[in-house]
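K.L.:
need a structure here:
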Amino acid sequence: MKVPLLLEMGVHPKVASATSSTSIFFTSLVSNTSFAVFGLILEDYALISFIFGIIFTYLGRLTFKWSCNIIAKEVEQQRDVFIVLMMGGVLLLSTILMASQELRDIARGCERTIQYSGGICGD
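P.N.:
As a prediction, the model looks like this:
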């Protein structure tokens, strides 16, 4: 969620994207390390998630490179606009999916327990 803030501050879209990706890498590394230390990682699930992550990251990069070449053949600035639109699309899709998940859980009567107090179904 740093990307919109960085873009608003006038940071170049490529730099904002790279900064966000690096931040995500180190955050996930620390999270996975702490889960491993406490023995909370399911090895099969982690391996499948890792493999899918590598495959779809590679496919996403190829798709992005291909679409940038098609959309912005002549003007480099258009490529920057496309990066901003792609990041905005991902943020919009994430927001929609998170909201739909929460609405579905609320409609089911809050079957899952909320881990913090003060939530919709908390005591």
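K.L.:
Show me where the protein has its strands.
P.N.:
Ranges of strands in the chain, per DSSP state E: none exist.
K.L.:
M86 contacts K65, correct?
P.N.:
No - in this structure, M86 is not within contact of K65 by C-beta atoms under 8 Å, at 11.7 Å. Every residue, glycine included, has its C-beta placed from N, CA and C.
K.L.:
And those two? Which one has more around it.
P.N.:
M86 (17 against 10; other C-beta atoms under 10 Å).
K.L.:
what's the closest non-adjacent residue to that one?
P.N.:
Leaving aside its sequence neighbours, M86 sits nearest to F64 (C-beta to C-beta, 6 or more residues apart in numbering; 6.8 Å).
K.L.:
what's the longest helix seen in the chain packed up against?
P.N.:
In the chain, ranked by residue count with DSSP state H as the criterion, the top helix is helix 76-107. Here helix 76-107 touches helix 2-8, helix 13-37, helix 43-71, going by 3 or more C-beta pairs under 8 Å, 6 or more residues apart in numbering; DSSP states H and E.
K.L.:
Alpha carbons of the first one, as PDB, please.
P.N.:
If I follow you right, that is helix 2-8. What follows is helix 2-8 as a C-alpha-only set of coordinates in PDB (Å, rounded to 0.1, in the frame of the first residue of the first chain):
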ATOM      1  CA  LYS A   2       3.000   2.300  -0.200                       C
ATOM      2  CA  VAL A   3       2.800   2.700  -3.900                       C
ATOM      3  CA  PRO A   4      -0.100   5.200  -4.000                       C
ATOM      4  CA  LEU A   5       1.600   7.300  -1.400                       C
ATOM      5  CA  LEU A   6       5.000   7.200  -3.200                       C
ATOM      6  CA  LEU A   7       3.200   8.100  -6.500                       C
ATOM      7  CA  GLU A   8       1.500  11.000  -4.800                       C
END
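K.L.:
in this protein, what spans have low per-residue confidence?
P.N.:
1, 68-80, 110-123 (pLDDT under 70).
K.L.:
Count the neighbours of A16 for me.
P.N.:
Around A16 there are 22 other residues, counting by other C-beta under 10 Å.
K.L.:
Please apply the same query to the one 4 residues further on.
P.N.:
Residues within reach of S20, counting by other C-beta under 10 Å, total 17.
K.L.:
Right, I'll leave it there.
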